[in-house]
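**Q** Would you be able to build a 3D model of this:
(chains A, B and C)
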Amino acid sequence: MSRLAIVLARLALFLALIGAWEVLPRLGILNARLLPPLSDVLSMLLQLVGRANVQEAMMVTAAEVVVAFVIAVPLGALIGVAVAESEYFGEIFKPMLFYVFSVPKSIFLPVFILVLGIGFHQKVAYAVFSTLFIVIMSATAAVESVKPEHVLVARSYGATRRQILFRVYVPSMVPILLETLRIAMIFNFTAVMIAEMYASRTGIGHLIANWGENFQMRQLFAGVILLSMVAIFFNETIRWMETKCSSWRT
Amino acid sequence: MQQLADVTPGRVGAAGASVEVAGVSHVYEGRDGRVPALEDITLTVGAGRFTVIVGPSGCGKTSLLMMMAGLRRQTSGTILCAGRPILDPDPQRVGVVFQEASLFPWQTAMENVEFPLALRHVPAAERHRRSASMLNLVGLDGFGGRYPHELSGGMKQRVSIARGLVQDPPVLLMDEPFAALDEQTRMTMGHELLRIWSQTSKTVVFITHSLTEAVYLADEVLVMSARPGRIIDRIEVDLPRPRTYEMMATDRFGRLRERIWQQIRKPD
Amino acid sequence: MRRPAPATVRWLILAGLLLAWELVPRTKVVPELFLPALSKTLAVLYEGRAEYGQNLLVTLYEVGFAMLIACGVGILVGALVGGIAVLRNLLLPVFSSLYAVPIVILYPIFTAWFGIGSESKIAFAGIYGFFPVMLSTAAGIRTIDPQLLLAARSMGATIWQQIARVIIPASIPTVLAGLRLGGALTIIGVVVSEMLTSAAGIGYLVSRYRTILDSPRVFAAVLLILVLSVLFDLLARWVERRTVVWQTAGRQGRTIAARTPSPATATPAVA
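**A** A predicted model of the protein is given here:
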C-alpha cells in the first residue's frame, strides 16, 4: 500500500469516527445524554476556553506540569548517569530501581496528601516522584547505548575527554534522550492529572472530575478532547524531532 | 523408513533422484522496473551426485535453490525432481538446509528433527525412532534433549541436516549451510557431510562462497555469473573419493580451484 | 578493603528501610500522620482483617474481569494488527499517538456511563491494560524470524500449521511480557479508579481513611496493594520462566534480557 493510500485510509477512518460521533446521538441510536453530538461538544470547548476559571485552571495545570518536568528530568538523568557509570553502585541499585519502577506509584498519592496537603507543592512532588524512575532507567539505558568500541576508536585517534563526550557520547545518546523526554512527559502529565482528579481545588483534572460527578457530559468530553490534543501535540513534536535526529539509525 | 538399509549394507534410506532444471528464467519487479535475476538456467544433477553451485553475491543462486525447493516460483522454465515438476514444497522429495540453521528455539534437537513428521501426523513412536536414527547418523547421539541455544553452531547445522533427511527425500538442497561457522568447524562439517552423503547416497545441491569447500565436496561445480545469473562453467571434479584433507595441498586441487576463481572474477 | 557483594548491600538497604520505618516514627521526629510505625501498620491491618479481606475480594474480582478483557481483546487485536500488514500500517502509528493521552481522564466518562460500581472500574482498567498487551502481541508476531517460516514451508507446513507451530510458539515470550505489564496496569487501573470514586475495594479504603486522616489504616491498605502487585509480578515472571525455558536456560540465558527493548520504549505510563 502506498503512503498516500495509507494517509487517505486513515483520514477516512477518522472522518467516519467523527461522523458517527455526530450522527448516532442525533438520530437517537446512542443516548445523547451519555454521548453528546460532537458539534455540541466542540462548541462547548470554544466556550470553555474563553472562561476565566478554565483559563486559570489551565495555567495551574501547566505550571505543575512544567515545574515537575524541569525538576524530574535533570535529577533523574543525573542519578541515571551516576548509576550507569559506576559498575559497583549500578549492580546494587539497578535491580532495586527495576523493582521500584514496577511498583504502582499512584497508591502513594494519599501519603503525599497526608504530608503535603492538596496544594501546588503536593502535585509537583507527586509528579516528580512518578516521573523520576523512568528517567533514571532511560538515562542508564542511554549511557549503556554508547558502544565501547566507538569510544575506543575515538581514543585511538587521540580524542580528548571533551571530544569523546561531545563527539561520541552525546550523538550516541541523543535519540534515547529525546525518547526519554517524550515518555517522561507522558508519565508526568498522567501523574498531574491523577493528583488533580483525586484531591484538588483547581486544575483541569479537578474540573474534569467535577464535570463527571455532576454529569455535565458536554463539558467533560470537551475537557477530554482538549487534554488529548495537548498531549498528542507534545508527543508528536518530540517524535518528529526524534526522526530528525536519528536518521542515521536503522 | 524403507528397509533399504538391510539390502545395501552401510547405506541408510532411499537413494538419490535426479534434478532437472530446464530453461529457467526469473524476472522480478524492482524499483526501476523489471530486473532479470536468472537467465535461461539449464542443468541436470544426476541421481546421487554432489553438485556445488558457486557465484558472486547476488547472482541468484539462492533464488535458484528456493525454486528447486518449491519455495519460490520461477517466471519461466521447468524444474523436475525425480521426474515430476516441483511447484510447491514437497518434503518427501526435497529436504532443505538453510544458512542459519533455522531451528525452532522452543523445541529440543529431537523435536526439531521430528517437526516435518509431526506436520504429517506420523505417530509419536515412529517419529522418535526415525529422529533418533537421524541424530545418530549426524553424530549427535545423546544430544536430542538439548535446546538449540545449548548447541554449538556446528551441532545446530547437524540437527538441521538431520531434519532435512528425516523424511528420507531423495534430494537434499543446502544453502550455504556452513557459512556462519568458523574455519575449523567448517572443514569438519564438510568432512562429516561427505560421510553422511556416502552413507545415504542422496542427491545434493550445495551452495557456497568458499572455493575450497566447493572443490573439496563436489562431483561437479557449476559457476554462475553476476546478475542476471547464468551458468558460465561446469567443472568436473575428478578427485578420488573418499576425499581427504591432504588433497587440498595437491596441484590438482589448486588447479581446479584456480579455474573456478578465473571464472568468477571474469568481468562480463 | 573489600567491598561487600552487591546482593548483600541490597538486602542491607531493604532491612535498613524496614527498620527505619519502624524506628523513625517512634522517635517522634516524624509525626504519625506522615508515617506510622511498621508494627502499628501491621497491627491495624490484622485488627481490620475482616474489612480489608472483604474489600480485597472486591478488588480482586474487578482485577480478574479487567485482565480477562485486557488480555483477550489485547491478544486478538494485537495478532490482527501484527499479522496483517494493511492493518499494521494503518493503525499502529495511530495507537502509538493515542498512547500519549493520559487514559485516566476517561474515567469520569466511565463513571457517568456505568455508575460507581465495579463496571466502571473493569472498563477503565481493561482499557488501561489493553495497550501493552496489544502492542507486545503485535511486536511479537512482527518480529518472528522469517527464516523459521521459510523452513517450515520447506517442510510442507500448511498456513494453519505455520500459525499453530511457528507463529504462536515464537511469539509467546513477547506476549507473556506484555501480559505481565498489562496485568500490572490493570491492578493499578482498578486501584486508582477505586481511589477516585467508588464504594468498595482496597482503593476505596485508602481514600476513606485518608479523608478522616487515619494514617495507619491508609498505610495498611497501601501495603496490601504493594504486596498484591509484587506477588502478581513474581507470579508472572515465574510463569514466563517456566514457559520459555528454551530461551532462559543455559549459556545464552541472557538472550531475553538482550532482546528486551529499553524500559522507556517498552513501558507504558505506570500511574
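**Q** Now do the same for residue B:205: helix, strand or coil?
**A** Here residue B:205 is strand, with the state taken from DSSP: H, G, I helix; E, B strand; the rest coil.
**Q** My guess is it contacts residue B:171. True?
**A** Yes. Under the criterion of Cβ atoms under 8 Å, residue B:205 is in contact with residue B:171, at a separation of 7.2 Å. C-betas here are computed from N, CA, C, even on glycine.
**Q** The helix or strand of chain A with the lowest mean pLDDT: which residues count as buried?
**A** Ranking every helix and strand in chain A by mean pLDDT, DSSP states H and E puts helix A:87-102 at the bottom, with a mean of 78. Burial within helix A:87-102, assessed by neighbour count using 16 or more other Cβ atoms under 10 Å in any protein chain shown, is assigned to A:90, A:92-94, A:97, A:101-102.
**Q** Same check on stretch B:20-35?
**A** Applying 16+ other Cβ under 10 Å to stretch B:20-35 flags B:20-21, B:24-27 as buried.
**Q** which of these lies closest to chain A?
**A** For the buried residues of stretch B:20-35, the minimum distance to chain A (Cβ to the nearest Cβ) is 22.5 Å, reached by residue B:27.
**Q** ok, which stretches of chain A are helices?
**A** In chain A, the segments counted as helices under DSSP state H are A:3-27, A:38-50, A:52-85, A:87-102, A:109-116, A:120-144, A:148-156, A:161-164, A:170-198, A:204-213, A:217-245.
**Q** how about those helices, which one is nearest chain B?
**A** Closest among the helices of chain A, using Cβ to the nearest Cβ: helix A:3-27, at 14.6 Å.
**Q** Chain neighbours aside, what residue packs nearest to the closest residue to chain C within chain A?
**A** Closest residue of chain A to chain C, Cβ to the nearest Cβ: residue A:212 (2.5 Å). Nearest non-adjacent residue to residue A:212, counting by Cβ to Cβ, 6 or more residues apart in numbering or on different chains: residue C:108, 2.5 Å away.
**Q** can you pull the contacts of the one you found?
**A** A:197, A:208-209, A:211-213, A:220 (Cβ atoms under 8 Å, 6 or more residues apart in numbering or on different chains).
**Q** likewise residue C:26?
**A** Contacts of residue C:26 by Cβ under 8 Å, 6+ apart are residue C:37.
**Q** center of the chain, which residue is that?
**A** This is for chain A. For chain A, residue A:186 is the residue whose C-alpha lies nearest the centre (Cα atoms, centre = their mean; 1.4 Å).
**Q** ah, no, chain C please
**A** Central residue of chain C (Cα atoms, centre = their mean): residue C:184, at 1.0 Å.
**Q** ok, now how distant is that residue from residue C:190?
**A** Going from residue C:184 to residue C:190 by Cβ to Cβ, to the nearest Å gives 11 Å.
**Q** repeat for residue A:21
**A** Counting by Cβ to Cβ, the separation of residue A:21 from residue C:190 is 28 Å.
**Q** Which one of those two is surrounded by more residues?
**A** Legend: neighbour count by other Cβ atoms under 10 Å in any protein chain shown for residue A:21 and residue C:190, higher for residue C:190 (33 against 18).
**Q** so who does residue A:127 touch?
**A** By Cβ under 8 Å, 6+ apart, the residues touching residue A:127 are A:64-65, A:68-69, A:72, A:188, A:191-192, A:195.
**Q** want to throw the residues you listed into a markdown table with pLDDT?
**A** Formatted as a markdown table, the contacts of residue A:127 follow (pLDDT from 0 to 100):
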| residue | pLDDT |
| --- | --- |
| A:64 | 92 |
| A:65 | 92 |
| A:68 | 94 |
| A:69 | 93 |
| A:72 | 93 |
| A:188 | 91 |
| A:191 | 92 |
| A:192 | 93 |
| A:195 | 92 |
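**Q** so can I have JSON lines of these showing neighbour count?
**A** JSON lines is the format used below for the contacts of residue A:127 (neighbours: other Cβ atoms under 10 Å in any protein chain shown):
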{"residue": "A:64", "neighbour count": "29"}
{"residue": "A:65", "neighbour count": "22"}
{"residue": "A:68", "neighbour count": "28"}
{"residue": "A:69", "neighbour count": "22"}
{"residue": "A:72", "neighbour count": "26"}
{"residue": "A:188", "neighbour count": "28"}
{"residue": "A:191", "neighbour count": "30"}
{"residue": "A:192", "neighbour count": "30"}
{"residue": "A:195", "neighbour count": "27"}
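**Q** filter those by proximity to chain C?
**A** Here is what survives when the contacts of residue A:127 are matched to chain C using Cβ under 8 Å from any Cβ of the partner chain: residue A:191.
**Q** In a markdown table, list the contacts of residue A:127 along with distance to residue A:143.
**A** Shown next, in a markdown table, are the contacts of residue A:127 (distance: Cβ to Cβ, whole Å):
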| residue | distance to residue A:143 |
| --- | --- |
| A:64 | 30 |
| A:65 | 27 |
| A:68 | 24 |
| A:69 | 21 |
| A:72 | 18 |
| A:188 | 22 |
| A:191 | 25 |
| A:192 | 28 |
| A:195 | 31 |
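**Q** Show the backbone phi and psi for residue B:166.
**A** Main-chain torsions, residue B:166, degrees, to the nearest 10: phi -70, psi -30.
**Q** what is the orientation angle of whatever helix or strand the residue nearest to residue A:212 lives in with helix A:204-213?
**A** Residue C:108 is located in helix C:107-114, with elements delineated by DSSP states H and E. Going by axes from the mean of the first three to the mean of the last three Cα atoms, to 10 degrees, helix C:107-114 is angled at 0 degrees with respect to helix A:204-213.
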